[in-house]
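A.B. asks: fold the following.
(chains A, B and C)
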Amino acid sequence: MNQPENLSSTHQDALTIQADVLLQKVIDAWTQLRLQQPLVQCITNSVASNYTANVLLAAGASPAMIDNPFEAMSFANIAAALSINLGTPTTEQMQAMQISAETVTEKGTPWVLDPVGYGPFLKWRSEMVDQLVQLNPTIIRGNASEISTLAGNQVISKGVDSTLNSAEVYIQAKSLLQHAECIAISGESDFILSKELNTVIQVNGGSYLQPKVTATGCALGALIAAYSAVATPTIAAIAAHVHFAIAGKSAFTRTQSVGSFNVAFLDEIYEITADKFSEYADIQVLK
Amino acid sequence: MNQPENLSSTHQDALTIQADVLLQKVIDAWTQLRLQQPLVQCITNSVASNYTANVLLAAGASPAMIDNPFEAMSFANIAAALSINLGTPTTEQMQAMQISAETVTEKGTPWVLDPVGYGPFLKWRSEMVDQLVQLNPTIIRGNASEISTLAGNQVISKGVDSTLNSAEVYIQAKSLLQHAECIAISGESDFILSKELNTVIQVNGGSYLQPKVTATGCALGALIAAYSAVATPTIAAIAAHVHFAIAGKSAFTRTQSVGSFNVAFLDEIYEITADKFSEYADIQVLK
Amino acid sequence: MNQPENLSSTHQDALTIQADVLLQKVIDAWTQLRLQQPLVQCITNSVASNYTANVLLAAGASPAMIDNPFEAMSFANIAAALSINLGTPTTEQMQAMQISAETVTEKGTPWVLDPVGYGPFLKWRSEMVDQLVQLNPTIIRGNASEISTLAGNQVISKGVDSTLNSAEVYIQAKSLLQHAECIAISGESDFILSKELNTVIQVNGGSYLQPKVTATGCALGALIAAYSAVATPTIAAIAAHVHFAIAGKSAFTRTQSVGSFNVAFLDEIYEITADKFSEYADIQVLK
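C.D. replies: Down below sits the predicted model:
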């Protein structure tokens, strides 16, 4: 029902099949996540650290918040994935980000960059993001505003006063694929741009309460990293977004207020099953 | 029932009316908070950061925990209010506090100072608080011990071995009004000293469980800041305290244990309505 | 039922009595904790700070997260106990750890060392742990992996590739008693090695969900510190582990998912009673 109107029915059949294939790969990724319990190094902000660790544990991964420059290299060397989040950076975290990103890049370990707050009012972190983007993160994820600003600055130099709607954002964000395998834009619907599949995947679900709970986006970035340890970048991004979308939707059926939603959401992240993935996943291949 | 016994009935009528006026302004402030969703820069401690962000989101504000010195000036320039909390300061946070406070002072943006732990055993932060007080915060808020010590040191040089009861604290705290528009003292009852109205306002409510949940006071300070973006300093302080008092009291009717109280409290912060303000607010104008 | 099979019935009676004595001392310690509300300085990681403070408050202690080097000495001087946790250290926290540990050692104030992540991939913290161990912490606590590695490095120089089972761990850990009054190893069963009693105490209980909630181990370390302000090191360690084991077991009867378990666990920490200690404590004296 949510498919673009200009698609012929032949196209629709093809896309439906492809979404099914993606769903199966998502379920496989989730199974692997629980089996392998990958060690995910998270350099994240003070608001999100507890929540992120709990989300990763609930999903089956092993989080480790190693964010000092003195241990960044040796730990990045053994991590199965790295998640870098620019929420509340300190000088020591900034150094750790750079060292860890360089280390995993050299090793071929997947990593996720979440450019929280990217833009002209937060130049210190934005300059670090620019540097990190040059190291070619496996996946870049953010909200529409961050991604559109980043895409504008990195490639088109449009500046930051972007008032694009979300459909325009994912078109503009394509330019970032020269720096990453995958770009993931979270919002009311999520859009995942895949270099591998040369497509845009839309994920629906979740709840309007999610943005009213702090650090959900940050935890999502870390969950993408966790999945990237056991799946291709595209499947990792889709899996994490679908996992969140189903958990958010299910949690909302249990409670409609923020404190208890936060609790129910963690429960649902933990309680997901292959059947729930099959029943509730709303994945659409846009083109 | 809680009114001082020495008031004549004539006085009581006058005060009752005034409290009603304040209540209406509180409801207006809350309406504006949800409409305007003001951007509140929070420099806060590691214990309180997640909780504070969730309280502000639940209330309708937009929190941003920008606490590094390199972005402090540019962000303070766009923030609608600033909240400074001295809970677990780092050197970089201390620098950010000073820069941000100077920036908002120059711009006329309202800001709240919460001198957590002020006293002789924590001199580093106390000296910073002394400096920040000289910049004339819009509102200073703390518990009775912090405020009485701060009032003693700033003005009367009484030292810190204050064993004043809460009634005495708000009398002593008046001296701090030379540095702020409003002094807010949280406790079993809250007392708000207003330069604007030249009165002391008492707010009752809440639950004895609130101090058993960490960071409630810290989040209250940030909520005062959020309200100060949409109301006068006095109304902002009253609104935040009443919002907390009603949420605390309502949460306690749902649960009497700390973990679930914490969850219910966030729910109640989010679920407040104008009707609940009208029904449950317990505002008293003392003089 | 869980007693070693090779014990004669005479031995079993003796041990049963001893466990009863320990249980009574645990209940006394808990009573004192609530009466005295000891001030516990916690230097802990960004993931655990909020949760640790809430656990201590729920148990009846007064947590204070003073973790900067500029206030470390003066505050350690007034604290009733100190908890040092190496989860996500910063340079300033590292300095605070050393200063605070030296201060409390000189004063005779009890302190707990939790060497989170000790091992060859995290050398910076491990070197700090080695230094802190030389100051003779009152209690060292950690999981089996951390404690076995620490025991190996400090004493036997076995290196870190220890694949000991938990029974072997507590035998190996005995070497650490030259540096501490008590070694506490958390796991499916907890083992507490006591220099005072020259025994090993096993504590059973808890839930398999506990390790799926982040920072439970970190909070346990801080709770041991809180109890050490009101009891001997051995009783403090047993009391904290029993408190956690009962709360974990009780919480699991209320919910079997991680988010709500987390909430229920805090509730149960708060709601414990002498009767619950008597009914549910599973303390065994191994030798």
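A.B. asks: please tell me how far residue A:116 sits from residue A:145.
C.D. replies: Distance, residue A:116 to residue A:145, using Cβ to Cβ, to the nearest Å: 11 Å. Any C-beta I mention is one placed from the backbone N, CA and C, and that applies to glycine too.
A.B. asks: more neighbours, those two?
C.D. replies: residue A:116 (24 against 18; other Cβ atoms under 10 Å in any protein chain shown).
A.B. asks: what residue ranges in chain A score low on pLDDT?
C.D. replies: A:1-17, A:153-167 (pLDDT under 70).
A.B. asks: and the residue of chain A found nearest chain C, what element?
C.D. replies: With Cβ to the nearest Cβ as the measure, residue A:266 is the residue of chain A nearest to chain C, at 3.0 Å. Element membership for residue A:266 (DSSP states H and E) is helix A:258-271.
A.B. asks: residue A:126 too?
C.D. replies: Here residue A:126 is assigned to helix A:123-134, by DSSP H and E.
A.B. asks: which other helices and strands contact whatever helix or strand comes next after that helix?
C.D. replies: Sequence order places strand A:139-143 as the next helix or strand after helix A:123-134, per DSSP H and E. Here strand A:139-143 touches strand A:111-114, helix A:144-151, strand A:182-186, helix A:216-228, helix A:233-254, going by 3 or more Cβ pairs under 8 Å, 6 or more residues apart in numbering or on different chains; DSSP states H and E.
A.B. asks: closest to chain B out of the ones you listed?
C.D. replies: helix A:216-228 (10.3 Å).
A.B. asks: OK, contacts around residue A:139?
C.D. replies: Contacts for residue A:139 (Cβ atoms under 8 Å, 6 or more residues apart in numbering or on different chains) come out as A:110-113, A:180-184, A:224-225, A:228, A:233, A:236-237.
A.B. asks: let me redo that: residue A:137
C.D. replies: Going by Cβ under 8 Å, 6+ apart, the list of residues near residue A:137 reads A:84, A:101, A:111, A:112, A:113, A:179, A:180.
A.B. asks: helix, strand or coil: sort out residue A:47 for me.
C.D. replies: coil (DSSP: H, G, I helix; E, B strand; the rest coil).
A.B. asks: farthest-separated two in the contacts of residue A:137?
C.D. replies: Greatest spatial distance among these (Cβ to Cβ): A:84 and A:179, at 13.9 Å.
A.B. asks: for the residue lying closest to residue A:184 once chain neighbours are set aside, give its distance to residue B:282.
C.D. replies: Distance criterion Cβ to Cβ, 6 or more residues apart in numbering or on different chains; nearest residue to residue A:184, sequence neighbours excluded, is residue A:141 at 3.9 Å. Here residue A:141 is placed at a distance of 46 Å from residue B:282 (Cβ to Cβ).
A.B. asks: who has more neighbours out of those two?
C.D. replies: Between residue A:141 and residue B:282, residue A:141 has the larger neighbour count (other Cβ under 10 Å), namely 32 against 18.
A.B. asks: could you pull up the residues touching the more buried one?
C.D. replies: A:112, A:113, A:114, A:147, A:183, A:184, A:185, A:186, A:220, A:221, A:224, A:237.
A.B. asks: spatially central residue in chain A, please.
C.D. replies: Nearest to the mean C-alpha position of chain A, by Cα atoms, centre = their mean, lies residue A:221 at 3.8 Å.
A.B. asks: shouldn't it be in contact with residue A:115?
C.D. replies: No. Residue A:221 lies out of contact with residue A:115 (Cβ atoms under 8 Å); the separation is 9.7 Å.
A.B. asks: next, the angle helix A:123-134 makes with the host helix or strand of residue A:84.
C.D. replies: Assigned by DSSP H and E, residue A:84 falls within strand A:81-85. For strand A:81-85 against helix A:123-134, the angle by axes from the mean of the first three to the mean of the last three Cα atoms, to 10 degrees is 150 degrees.
A.B. asks: buried ones in the helix or strand just after strand A:81-85?
C.D. replies: Once the chain leaves strand A:81-85, the next helix or strand it forms, by DSSP H and E, is helix A:91-107. Judged by neighbour count using 16 or more other Cβ atoms under 10 Å in any protein chain shown, the buried positions of helix A:91-107 are A:91-101, A:103-105.
A.B. asks: check the residues you listed one by one and keep those near chain B.
C.D. replies: Counting by Cβ under 8 Å from any Cβ of the partner chain, residue A:91 from the buried residues of helix A:91-107 sit close to chain B.
A.B. asks: between the contacts of residue A:139, which has the most around it?
C.D. replies: Within the contacts of residue A:139, most neighbours by other Cβ under 10 Å means residue A:225, with 36 neighbours.
A.B. asks: from what I can see it touches residue A:114, true?
C.D. replies: No. With contacts counted by Cβ under 8 Å, residue A:225 stays clear of residue A:114, the gap being 9.2 Å.
A.B. asks: mind listing the shared neighbours of those two?
C.D. replies: What both residue A:225 and residue A:114 touch, as defined by Cβ under 8 Å, 6+ apart, is the set residue A:83.
A.B. asks: residue contacts, residue A:268?
C.D. replies: Per Cβ under 8 Å, 6+ apart, neighbours of residue A:268: A:246, A:247, A:248, A:250, A:251.
A.B. asks: how much space between it and residue A:25?
C.D. replies: 21 Å.
A.B. asks: residue A:240 now?
C.D. replies: For residue A:240, the distance to residue A:25 equals 13 Å [Cβ to Cβ].
A.B. asks: quick one: which of these two has more around it?
C.D. replies: residue A:240 (35 against 17).
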